[in-house]
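>>> Take this sequence and fold it.
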Amino acid sequence: MQKWMGMAALACALCAATAAQADDKLITGNVQFMTNYVGRGLAQSLGNPSVEGELDVNNDTDGGFYGGIDANSINWIDALYPGDDVGMEADGWAGYRMRVGEDWLWKAGFLRLQFPGNYAPQTPPVAEPNTTEAYGYLAWKSYSLRLNYSVTESFGTPDTKGSLYLDLNGSQYLGAHFTLGEHLGRNQKTGSDPVSGVSHRLNDYTDYKLSLLYDFGDGVSLTLAHTWTNGDPARYTLNGYFVGGHHTWLLLEKDF
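Model prediction:
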């Protein structure tokens, strides 16, 4: 309950901040309510509802420096490491973007994924999953490609600097306020376990997503999404729940 109260307070604070900037597009944002938080193909809230809030700075311009922060409620860390109390993922990013002509856009920057909370001692000891990534992004009309490169250990796993996540997305407006979306991602690890010598490549997977968005107007939309991966169930199952399996979920979003 305390985690949910904290996330609800964050969402309300972001609503107030972005509403105050409604006439100044230097700052924009959104709040989202999801029946399941799926990120990079993995159900990070383990099938439970999740709330998200986001603030973006200078995101609506054709070029220049930009940045943002967001936070989501999660459940996977507590399930993976008993005794932990980590119910939030808080991300921050900053970079530079430039539009080329009417159809092309490129961006580059850094992303920090932070998991604040209380971590219990584990045997053997494990590192906190906080991660920093560099990324590059290229878009043409409604199609985009993004590559993230881990400049630290990836999500607390030893010997994983240089791990990659490739993200391909597309969308088509169908008319009558409906938009179809497609996603293809590839998660690829480097290195090996320093104790067992087992390659981290066994954790590699490809993820897929199909979505249908309905735009109600005034910045309100509802998305129906289905995601799945080819990840190894033995490596991506927590408490009997296959986080990389087939998941169908809803996302209600309000943009400001």
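
>>> Any chance you could spot the residue sitting in the middle of the protein?
With distances taken as C-alpha atoms, centre = their mean, the chain has Gly39 as the residue nearest its mean C-alpha position (4.6 Å).

>>> per-residue confidence at it?
pLDDT recorded at Gly39 is 97.

>>> how close does it sit to Trp76?
As defined by C-beta to C-beta, to the nearest Å, Gly39 lies at a distance of 10 Å from Trp76. For the C-beta atoms, the positions are set from N, CA and C on the backbone; glycine is no exception.

>>> Kindly report the same for Ala139.
30 Å.

>>> what does Asp70 give?
In terms of C-beta to C-beta, Asp70 sits 17 Å off from Trp76.

>>> Equivalent analysis for Thr131, please.
Thr131 is 14 Å from Trp76, by C-beta to C-beta.

>>> before we move on, what about Gly87?
10 Å.

>>> and the helix or strand harbouring Trp93, average pLDDT?
Under DSSP states H and E, the secondary-structure element containing Trp93 is strand 88-100. Average pLDDT, strand 88-100: 97.

>>> So for the very next helix or strand once past that strand, what gets flagged as buried?
Note on strand 88-100: by DSSP H and E, the next helix or strand toward the C-terminus is strand 104-114. Neighbour-count burial for strand 104-114, counted by 16 or more other C-beta atoms under 10 Å, picks out Leu105, Lys107, Gly109, Leu111, Leu113, Gln114.

>>> could you point out which element follows strand 104-114?
Assigned by DSSP H and E, the successor of strand 104-114 is strand 131-140.

>>> For that following strand, output the C-alpha coordinates as CSV.
Output of strand 131-140 as CSV, limited to C-alpha atoms (Å, rounded to 0.1, in the frame of the first residue of the first chain):
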residue,chain,number,x,y,z
THR,A,131,22.1,1.0,-15.0
THR,A,132,23.4,3.8,-17.3
GLU,A,133,23.1,3.5,-21.1
ALA,A,134,24.1,5.6,-24.1
TYR,A,135,21.6,5.6,-27.0
GLY,A,136,21.2,6.7,-30.6
TYR,A,137,17.8,7.1,-32.3
LEU,A,138,16.7,7.6,-35.9
ALA,A,139,13.2,8.1,-37.1
TRP,A,140,11.5,8.4,-40.5
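
>>> Paired strands for that strand, with orientation please.
strand 104-114 (antiparallel), strand 143-150 (antiparallel) (DSSP bridges).

>>> With Asn239 as the reference, measure out to Arg201.
For Arg201 relative to Asn239 (C-beta to C-beta), the value is 25 Å.

>>> I'd like the mean pLDDT over stretch 156-173, please.
pLDDT averaged over stretch 156-173 gives 97.

>>> Report the buried residues of it.
In stretch 156-173, counting by 16+ other C-beta under 10 Å, buried: Gly156, Thr157, Asp159, Thr160, Ser163, Leu164, Tyr165, Asp167, Asn169, Ser171.

>>> chain center to that stretch, what's the gap?
10 Å (C-alpha atoms, centre = their mean, to the nearest Å).

>>> next structured bit after the worst-scoring helix or strand of the chain on mean pLDDT?
The weakest-scoring helix or strand in the chain, judged by mean pLDDT, DSSP states H and E, is helix 2-20 (a mean of 46). Downstream of helix 2-20, the next assigned helix or strand under DSSP H and E is strand 27-34.

>>> other SSEs contacting that following strand?
Judged by 3 or more C-beta pairs under 8 Å, 6 or more residues apart in numbering; DSSP states H and E, strand 27-34 is in contact with helix 2-20, strand 50-57, strand 247-255.
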